[in-house]
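> The sequence and its predicted three-dimensional model are supplied below.
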Amino acid sequence: MVTFTHADAGTSEADWARSGVAALPELPLDQDELAGMTFVVLAAHPDDETLGAGGLVAKLHAAGADIRFLLCTAGEASHPESPTTTPEQLAAVRLTEFGAAVSGLAPSAAWRFLELPDGQLAANADRISAAVREVIEDSGRPAENVTIVAPYRSDGHTDHDTLGSTAAELASAGGHGLLEYPIWYWLWAGPDDGTWRNWVRVPLSSAERDAKAKAMRAHASQTDPLSAEPGDETLLSSTFLEHFGRPWETFAWQPSTAGTNSAKDAERIFDEVHSREEDPWSYTTSWYERRKRALTLAALPRESYESGLELGCSIGTLSQELAERCESFLGVDASSKALEEARKRFSGHSPGFRHLTVPHEWPEGTFDLVVLSETGYYLSPEELNELLARIQASTRPGGTLLLCHWRHPISGWQLDAEAVHAMARTTLQWPTHGIYREKDFILEVLLAPDTAT
């Protein structure tokens, strides 16, 4: 449970600027296809749509996309202690502001107000779901041509979390694309949280940034004090608004079912990421990564192995320590750029590294240690099944399979950590030697049956 208030200083934009968030991969937007797509933009309160996705909306509108807004509440609870403005009066003001903002971002877009109470979306999830389905059906678009744009499901505000989770369920069930925009996350989270490292960004032109800034000025009840009286203070401080003046916007992304990423997509995406940065996920500097590696190595039940295989070795930080525990070691990765960095980490005798896109490509030989760390969810379910079959055929009796995965949503991919580990257990039916879970990751060791016992 995240605890914060709008008055908190939070993480500064300067800290976020140093984090590498500007180097996230770009959301692939085909300008020629946007005119045939519908984007359903959900807002829990007036200004959510502008803060989180105003630039994207301006970009989509310019490309001819069909944009439909769905506003859940009037945001009447933003100033509960106001001595000058009743909730009813504030609702009227904020609805007017919302209309002015969205008409500036997308003049031809339609919008609908659900008239739900501010702060109580959790009790109205069914009504929200029905309204979104109605908007999608009214668009007349095939499922793969509809994308839902909604607040990030773990943003920390109860209304944002409810709306984001509802949108995620609808997108998954209907096969639609999903873009989740963070708002309060930028305040309470920090670069070490790591969730953002799996997101994508949408670069904004100067015209799109100007349109967003103008739309944000329309929400004056949130950016200026209602009056000089106590209780009428500005809700969104200038330091908080700095997070939304970037020349890009950031989204957790889940493509439509028809366009779901696969292992070949991972090769392209990760080559792009590694071309921009030598260590894009801060493997060498992050305490989270160093601590997780230590736990991973400590979880191995044997001190040494004859032959080790690391699937998705990236730049080789874990490989360095695994190789010390193995007489022979092979690290494979779909990114040739990452493997260039991995080879640089070894002087003199170097373990083997191969550029392979698993599971379609596979190394020869057998192994008594196989490590699948932060890789399983970059496969489709069909590819993971094939990978597990490959592991089963290549692991020696009594061998070790170690799995370790981040437990948060992975943008742009069908699987998450729990799904990967559950599929491994169900498919292999190997005994579990040990399992460790915490908020951010799950670490599990399975042992191949020993035919000698």
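Everything's here; your move.

> Please identify the buried residues of the lengthiest helix in the chain?
In terms of residue count, the longest helix belonging to the chain (DSSP state H) is helix 87-105. Residues of helix 87-105 classed as buried: 87, 90-91, 93-95, 97-102, 104-105 (neighbour count, 16 or more other C-beta atoms under 10 Å). (Glycine included, C-beta is placed from N, CA and C.)

> Now flag whichever of those is closest to G316.
Minimum distance to G316 across these is 44.9 Å, recorded for L105 (C-beta to C-beta).

> any idea what the closest residue in space to that closest one that isn't next to it in sequence is structurally, helix, strand or coil?
Sequence neighbours aside, V57 is the residue nearest to L105 in space, at 4.5 Å (criterion: C-beta to C-beta, 6 or more residues apart in numbering). At V57 the chain is in helix, as set by DSSP: H, G, I helix; E, B strand; the rest coil.

> Could you list which residues are in contact with V57?
Neighbouring residues of V57 by C-beta atoms under 8 Å, 6 or more residues apart in numbering: 39, 41, 49, 67, 102, 105-106, 109, 149.

> before we move on, back to that, remind me what the longest helix of the chain packs against, helices and strands.
helix 48-62, strand 66-71, strand 110-113, helix 206-218, helix 220-223 (3 or more C-beta pairs under 8 Å, 6 or more residues apart in numbering; DSSP states H and E).

> Which residues outside that helix are in contact with it?
Residues from elsewhere that reach helix 87-105 (C-beta under 8 Å, 6+ apart): 43, 45-47, 49-50, 54, 57-58, 61, 69, 71, 74-80, 82, 85, 109, 111, 113, 118, 211-212, 214-216, 218-222, 226.

> ok so, going back, of the helices and strands packed on helix 87-105, which is nearest G399?
Of all the helices and strands packed on helix 87-105, helix 48-62 sits nearest to G399, with 46.8 Å by C-beta to C-beta.

> Restrict the closest one to CA atoms and write it as CSV.
Taking Å, rounded to 0.1, in the frame of the first residue of the first chain, the C-alpha atoms of helix 48-62 are listed here in CSV:
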residue,chain,number,x,y,z
ASP,A,48,-5.8,13.0,-15.5
GLU,A,49,-6.2,12.8,-19.3
THR,A,50,-4.0,15.9,-19.9
LEU,A,51,-1.3,15.1,-17.3
GLY,A,52,-0.8,11.5,-18.4
ALA,A,53,-1.7,11.4,-22.1
GLY,A,54,-2.3,15.0,-23.3
GLY,A,55,0.6,14.9,-25.8
LEU,A,56,-0.3,11.4,-27.0
VAL,A,57,-3.9,12.6,-27.6
ALA,A,58,-2.7,15.6,-29.6
LYS,A,59,-0.4,13.3,-31.7
LEU,A,60,-3.2,10.8,-32.3
HIS,A,61,-5.7,13.5,-33.3
ALA,A,62,-3.3,15.0,-35.8
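
> can you map out the strands along the stretch 101-250 of the chain?
Remark: strands assigned in the stretch 101-250 of the chain by DSSP state E, counting those that start in this stretch are 110-113, 146-151, 177-181, 200-203, 248-254.

> ok and the longest one relative to strand 177-181, angle-wise?
Using axes from the mean of the first three to the mean of the last three C-alpha atoms, to 10 degrees, the interaxial angle of strand 248-254 with respect to strand 177-181 works out to 140 degrees.

> mind listing what strand 248-254 pairs with, with the direction of each?
Partner strands for strand 248-254, per DSSP bridges, with pairing direction: strand 177-181 (antiparallel), strand 200-203 (antiparallel).
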